[in-house]
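any chance you could fold what I've pasted below:
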Amino acid sequence: MMLLSAGVSHASASVELREKLVVPSEKLNVALECLVSNDVVSEAVVLSTCNRTEVYATVVTVTDGIRAIFDFLQGLPGMKDADTEALAQALVVKQGPGAVEHLFRVASSLDSIVLGEAQIIGQVRRAFAAAESAGAVGEVTRRLFRSALEVGKRVRDQTAIGCRSVSISTAAVQLAERELGTLDGRRALVVGAGEMGMLALGYLKERGVENITVVNRTFKRAREAAARVGGKSVKIDQLEKELARADLVVACAGGEELLVTRAMMSRSLKKRIDGSHRLVTVDVGMPRAVDPECARMEGIVCFDLDDIGAEAAGNARIRAAESVRAEALVAEQVDDFLSWMQEQVVTPTVKQMHGKARDVCELEVARAAKALAALREGALSDGERAVLDSLANAVAKKLLHGPTARLRKQASDPDAYRYTEAARYLFGLDAYPQGFSCRSDDGRMCRLSSGSACARRGCGACPHDRKDAPCLV
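Okay, here's the model as predicted:
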């Protein structure tokens, strides 16, 4: 089995593509059951947030695993046939140690738009819980995600990467404040009362905004959220009216339908109580809650997650020094996990090596017995056949003793997976084990693989086989 991660994030895909790939929490169960319902993917966890949709899985082969995950992502309800090329260009595939390191960096918020943001570890925990509930987790992914949550906690406890905690929501408010000049006397409308919405409300209050209104699909949640900051709450059918009063809108309520359409925005502008058409909207939802077409309207300034990423770059510089310590903790945890994984791989690999040797011995002994019987014009006795069996098995054991002993000795070495993968490749246990570059039938290698395995060109799943960087096989 190979460990594989594949998906898109803010680093590789636009907001438009990411919102099409969002898997709502209420649909995760069905999605996971679909993902592991084939003979290729045996374990899987889907991490779907506003900034990434990634699949972490154990697969039979890398090539088939990439194809299965690609087909799963392409088959999500928000995706169309026209999005296939965009997905292929944006898909990031990592295998073995690369997949482990990537997840640990994600859980430690080292791969977030906002370096050090605290929300991601909760999102990883919920993704893991959903996969366990769906029965999609096995021994490898369970250990993988428990280790990821452990290192995420260690990074926050043992470094200052989360100091002056800045989330996506607070970065959104900072972006709006810079656009408006000041938040003093401004009227703020927060759409959504979930985790992101609560963070935005808290930061607005911290920045001295007194006039805050909360709108949510569920009015009870809006009322509870507004009460925490001394604001007011209104029902969702009052959204258009409240748009006419607001100077700043922070939208944190992603969903399948837009909450603020261009038509609604146009009507609300005509009703503004101060006659001003200036309004700043910051949409941190995924999918977006504010129609992107609103940005074309006079007086409306619209920001989305891609804009917030640029804003967060400044915050990242402040925390860059702490990220070095965080990376060291991640590397340590990666080594521990790979050592554990190697121990799990060595035993079955050794068993398969000896099993294959026994099969060869049986075949060759049968051939030799037949040839000897033909020479003496009579069948071999049981004793003679036993001598042949003993000879073949002794030769096989002696030949395998050295490789077996070295594999076991290297089991605790973080880089030992390379020896196991080499053994599996050389003994014909795997066709293209992780860690090996893709090859054509005549032995040529894809020089773009940089030490990671990729599918052979022509299979349609090679992550390096793109227009801008074609597979060199």
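
which sections of this protein are below the confidence cut-off?
Applying pLDDT under 70 to the chain flags residues 163-166, 273-277, 310-319, 412-417, 430-473.

residues in contact with the spatially most central residue of it?
Central residue of the chain (Cα atoms, centre = their mean): residue 54, 2.9 Å from the mean position. Contact analysis of residue 54 by Cβ atoms under 8 Å, 6 or more residues apart in numbering lists 5-9, 46-48, 106. (C-beta placed from N, C-alpha, C; glycine too.)

list the helices and strands the single longest helix found in the chain packs on?
Counting residues, the longest helix found in the chain (DSSP state H) is helix 305-376. Applying 3 or more Cβ pairs under 8 Å, 6 or more residues apart in numbering; DSSP states H and E, we find helix 305-376 packed against helix 15-20, helix 97-107, helix 139-158, helix 168-180, strand 279-283, helix 382-409, helix 417-426.

please identify the deepest-packed of those.
strand 279-283 (a mean of 26; mean count of other Cβ atoms under 10 Å).

flag every buried residue along the next helix or strand after that strand.
For strand 279-283, the succeeding helix or strand toward the C-terminus, using DSSP states H and E, is strand 300-303. Within strand 300-303, the residues that count as buried by 16 or more other Cβ atoms under 10 Å are 300-303.

spit out the contact partners of residue 429.
Per Cβ under 8 Å, 6+ apart, neighbours of residue 429: 349, 352-353, 356, 423.

of those residues, keep whichever come out buried.
Buried members of the contacts of residue 429, counted by 16+ other Cβ under 10 Å: 349, 352-353, 423.

for residue 187, find the nearest of the helices and strands packed on helix 305-376.
Smallest distance to residue 187 across those (Cβ to Cβ): 10.1 Å, for strand 279-283.

could you dump that closest one to PDB, C-alpha only?
Once non-C-alpha atoms are left out, strand 279-283 reads as follows in PDB (Å, rounded to 0.1, in the frame of the first residue of the first chain):
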ATOM      1  CA  LEU A 279     -19.300  49.900   0.400                       C
ATOM      2  CA  VAL A 280     -16.500  47.500   1.100                       C
ATOM      3  CA  THR A 281     -17.200  43.700   1.100                       C
ATOM      4  CA  VAL A 282     -14.800  41.000   2.200                       C
ATOM      5  CA  ASP A 283     -15.900  37.500   1.400                       C
END
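
what about the residue nearest to residue 243 when sequence neighbours are not counted, which SS state?
Spatial nearest neighbour of residue 243, chain neighbours left out: residue 268 (3.7 Å); criterion: Cβ to Cβ, 6 or more residues apart in numbering. Three-state call for residue 268 (DSSP: H, G, I helix; E, B strand; the rest coil): helix.

right, and residue 268 touches residue 240 too?
Yes: using Cβ atoms under 8 Å, residue 268 is in contact with residue 240, at 5.2 Å.

look up the closest residue to residue 47, ignoring the ones flanking it.
Computed as Cβ to Cβ, 6+ apart, the closest residue to residue 47 that is not its neighbour in sequence is residue 127, at 4.4 Å.

residue 45 is in contact with that neighbour, correct?
Yes: counting by Cβ under 8 Å, residue 127 touches residue 45, with 5.6 Å between them.

ok, the two, which is more surrounded?
Per other Cβ atoms under 10 Å, whichever of residue 127 and residue 45 has more neighbours is residue 45, with 28 against 22.

excluding chain neighbours, what is closest to the more buried one?
Distance criterion Cβ to Cβ, 6+ apart; nearest residue to residue 45, sequence neighbours excluded, is residue 131 at 4.1 Å.

please apply the same query to residue 305.
residue 15 (5.3 Å).

from residue 114, how far off is the one you found?
Residue 15 is 16 Å from residue 114, where distance means Cβ to Cβ, to the nearest Å.

also residue 182?
23 Å.

does residue 189 sit in a helix, a strand or a coil?
Counting by three-state DSSP, the backbone at residue 189 sits in strand.

hmm, residue 253 and it touching each other?
No: in this structure, residue 189 is not within contact of residue 253 by Cβ under 8 Å, at 11.6 Å.

hang on, isn't the residue nearest to residue 45 packed against residue 44?
Yes: with contacts counted by Cβ under 8 Å, residue 131 reaches residue 44, the gap being 6.6 Å.

so what's in contact with those two at the same time?
32, 141.

need the contact list for the nearest residue to residue 134 once chain neighbours are set aside.
Once flanking residues are discounted, residue 134 sits nearest to residue 32: 3.9 Å by Cβ to Cβ, 6+ apart. Residue 32 makes contact with 44-46, 130-131, 134, 136, according to Cβ under 8 Å, 6+ apart.

narrow those residues to those in helices?
Within these, residues falling in helices by DSSP H are 130-131.

checking my notes, residue 54 in a strand, right?
Yes: looking at residue 54 with three-state DSSP, it is inside a strand.

got the contact list for the closest residue to it other than its chain neighbours?
Counting by Cβ to Cβ, 6+ apart, residue 7 is the residue found nearest to residue 54 once chain neighbours are left out, at 3.1 Å. Residue 7 is in contact with 21, 47, 52-55, 69, 73, 91-92, counting by Cβ under 8 Å, 6+ apart.
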